[in-house]
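**Student:** what follows is a predicted protein model with its sequence.
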Amino acid sequence: MSEQVQRFFNPGEQLNIHQSWSREASPQYESAEVWIPGRLHFGVLNFSHMSPGLGGGGVGISTDTVGYKVKISKNEPENRCDIASGRHLIELFCQCVNYKGNDIHIELEKLIEHKHSGFGSNVSFNTAVIAGLNAFFGSPYSVQEVWDIVTQNYIENASTNGKLYFGLDTGVGEACFLYGGIVWIQADATNSRFVTNVPTDNLWVVTTVGNRANLNGELLESYGQGAALSEDVETQLVAEHFMACEQKYGQKLRKFMHQDFFPALLSQDLDTVLELGWEMNKFSNIKVLEGIYKSEVLQNLNSCLLQHGASYAGMSSAGPGYFALADSKEKALELAELIEKEFSPYFSDVCVGRAGKKLSITLK
């Protein structure tokens, strides 16, 4: 990233284009329709690497309980996309493939309604756009290159004025959508690299959204009643609270992940991976988010789901979205009923679906 990066910028500015991405391509189809699921993030491997373009690594999986549907086509000039980040990513891709036309249009047909809830609403949209454009232009880039382009240009929409800013991205969500299954992204000083994934063909998921008014803890409430972990609040808490957790738990987490969790991933042992997830919670998201959200609620929900047979459960990313994984639809429905019955003051919008699906693209 350039040292001259501004905090907020307009669509089409501050593009990060590598020379190796230079191509010559043009649209090859009438349209590309992209369906992409949401993302569940189990934990960040290294918070000291959480800055734009660097990542931080982690583990995650997709959930089809939420998702986007995006349509890409050629349309009238100057009608690119109603969303600032969409216009930005069109410009990025067109410059990469040296396409001079101003007629690429993106229509959002379905969206992830819960923003800043840990379900990856930004990374889902960004990946859908770049992967969809790649298919629409005849696939000039490999899956790995699509991952590179999105992660090195991870932007979010500012709350006002149609501006953008570089967000904090681990690369986990992009890999979930492009490779499927449970994915591991290694934290690295210069980048986060996709390492491996474990197929999850028979895995079910329950997702639920935290009610901030009841769930927020003292740390988050200090920014205002019902505050969300986004923009400046996220930046400050990463710099302060999350880095304090990095000092306290970071080395223990990475030692555990490399000695126990990663070998299970490499051996494609899904049952062991999920079982080890409960141990990971002692150093990762659940522990890091205590105080940001009410600690006793997170601990009680986590323990309750474990006792009732969840394969694994945790808060996704920075919350307040929560999830539980199950080995059957029947078990997932049982866990969903449990959450609705016992934790309704704190969580709502309970949904059951499939975990680990990749994005899909229909070309016409």
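**Tutor:** Looks like it came in fine.
**Student:** ranges for the strands of the stretch 1-150 of the chain?
**Tutor:** Assignment of strands within the stretch 1-150 of the chain using DSSP state E, counting those that start in this stretch yields the ranges 31-44, 58-74, 104-110.
**Student:** quick check: buried residues in the longest one?
**Tutor:** When neighbours are counted by 16 or more other Cβ atoms under 10 Å, the buried residues of strand 58-74 are found to be 58-68, 70-73. Quick note: C-beta positions are derived from backbone N, CA and C, even for glycine.
**Student:** tilt between that strand and strand 104-110?
**Tutor:** 120 degrees (axes from the mean of the first three to the mean of the last three Cα atoms, to 10 degrees).
**Student:** now the angle between strand 31-44 and strand 58-74, please.
**Tutor:** Strand 58-74 and strand 31-44 are oriented at 160 degrees to each other (the same axes, to 10 degrees).
**Student:** name the helices or strands packed onto strand 58-74?
**Tutor:** Strand 58-74 sits against strand 31-44, strand 104-110, helix 121-136, helix 172-179, strand 182-186, strand 204-210, strand 347-354, with contacts defined as 3 or more Cβ pairs under 8 Å, 6 or more residues apart in numbering; DSSP states H and E.
**Student:** and the fifth one, what other elements does it pack with?
**Tutor:** Using 3+ Cβ pairs under 8 Å, 6+ apart as the contact criterion, the neighbours of strand 182-186 among helices and strands are strand 58-74, helix 172-179, strand 193-198, helix 262-266.
**Student:** which of the ones you listed has the lowest average pLDDT?
**Tutor:** With a mean of 79, strand 193-198 has the lowest mean pLDDT of the helices and strands packed on strand 182-186.
**Student:** most tightly packed of the helices and strands packed on strand 58-74?
**Tutor:** helix 172-179 (a mean of 29; mean count of other Cβ atoms under 10 Å).
**Student:** how near is S317 to N285?
**Tutor:** Counting by Cβ to Cβ, to the nearest Å, the gap from S317 to N285 is 8 Å.
**Student:** pull up the overlap in contacts between the two.
**Tutor:** Between them, S317 and N285 share these contacting residues under Cβ atoms under 8 Å, 6 or more residues apart in numbering: H41.
**Student:** among those two, which residue is more densely surrounded?
**Tutor:** Neighbours per residue (other Cβ atoms under 10 Å) separate S317 from N285, with S317 holding more: 28 against 23.
**Student:** can you classify the more buried one by secondary structure?
**Tutor:** Assigned with DSSP: H, G, I helix; E, B strand; the rest coil, S317 falls in the coil class.
**Student:** just send the helices and strands packed on strand 58-74 back as TSV, with distance to L306 too.
**Tutor:** Compiled in TSV, the helices and strands packed on strand 58-74 are given as follows (distance: least, Cβ to Cβ, whole Å):
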stretch	distance to L306
strand 31-44	15
strand 104-110	33
helix 121-136	28
helix 172-179	23
strand 182-186	18
strand 204-210	14
strand 347-354	16
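**Student:** which stretch among the ones you listed comes nearest Q144?
**Tutor:** Nearest to Q144, of all these, is helix 172-179, at 8.4 Å by Cβ to Cβ.
**Student:** ok, back up a step: out of the helices and strands packed on strand 58-74, nearest to W278?
**Tutor:** Across the helices and strands packed on strand 58-74, closest to W278 is strand 31-44 (Cβ to Cβ), at 11.1 Å.
**Student:** quick check: mean pLDDT across the closest one?
**Tutor:** Computed over strand 31-44, the average pLDDT equals 95.
**Student:** what strands line up against that strand, and which way round?
**Tutor:** Strand 31-44 has these partner strands in its sheet, going by DSSP bridges: strand 58-74 (antiparallel), strand 360-363 (antiparallel).
**Student:** tell me what angle the longest one forms with helix 121-136.
**Tutor:** It stands for strand 58-74. Using the same axes, to 10 degrees, strand 58-74 lies at 50 degrees relative to helix 121-136.
**Student:** chain center to strand 58-74, what's the gap?
**Tutor:** A distance of 10 Å separates the centroid of the chain from that of strand 58-74, by Cα atoms, centre = their mean, to the nearest Å.
**Student:** tell me the angle that strand makes with strand 347-354.
**Tutor:** Orientation check (the same axes, to 10 degrees): strand 58-74 against strand 347-354 gives 80 degrees.
**Student:** quick one: strand 58-74 to strand 204-210, angle?
**Tutor:** Using the same axes, to 10 degrees: strand 58-74 against strand 204-210 is 90 degrees.
**Student:** please save the CA atoms from strand 58-74 in PDB.
**Tutor:** Written as PDB, here are the backbone C-alpha positions of strand 58-74 (Å, rounded to 0.1, in the frame of the first residue of the first chain):
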ATOM      1  CA  GLY A  58      -7.400 -17.100  10.500                       C
ATOM      2  CA  VAL A  59      -9.900 -19.900  10.100                       C
ATOM      3  CA  GLY A  60     -13.500 -19.700   8.700                       C
ATOM      4  CA  ILE A  61     -16.300 -21.300   6.800                       C
ATOM      5  CA  SER A  62     -19.200 -20.000   4.600                       C
ATOM      6  CA  THR A  63     -22.900 -20.100   5.600                       C
ATOM      7  CA  ASP A  64     -25.800 -20.000   3.200                       C
ATOM      8  CA  THR A  65     -28.200 -18.700   5.800                       C
ATOM      9  CA  VAL A  66     -27.200 -15.300   4.400                       C
ATOM     10  CA  GLY A  67     -25.800 -14.200   1.100                       C
ATOM     11  CA  TYR A  68     -25.800 -11.900  -1.900                       C
ATOM     12  CA  LYS A  69     -27.100 -12.300  -5.500                       C
ATOM     13  CA  VAL A  70     -25.300 -10.100  -8.000                       C
ATOM     14  CA  LYS A  71     -25.900  -9.700 -11.700                       C
ATOM     15  CA  ILE A  72     -23.200  -8.300 -14.000                       C
ATOM     16  CA  SER A  73     -24.100  -7.200 -17.500                       C
ATOM     17  CA  LYS A  74     -23.400  -4.500 -20.100                       C
END
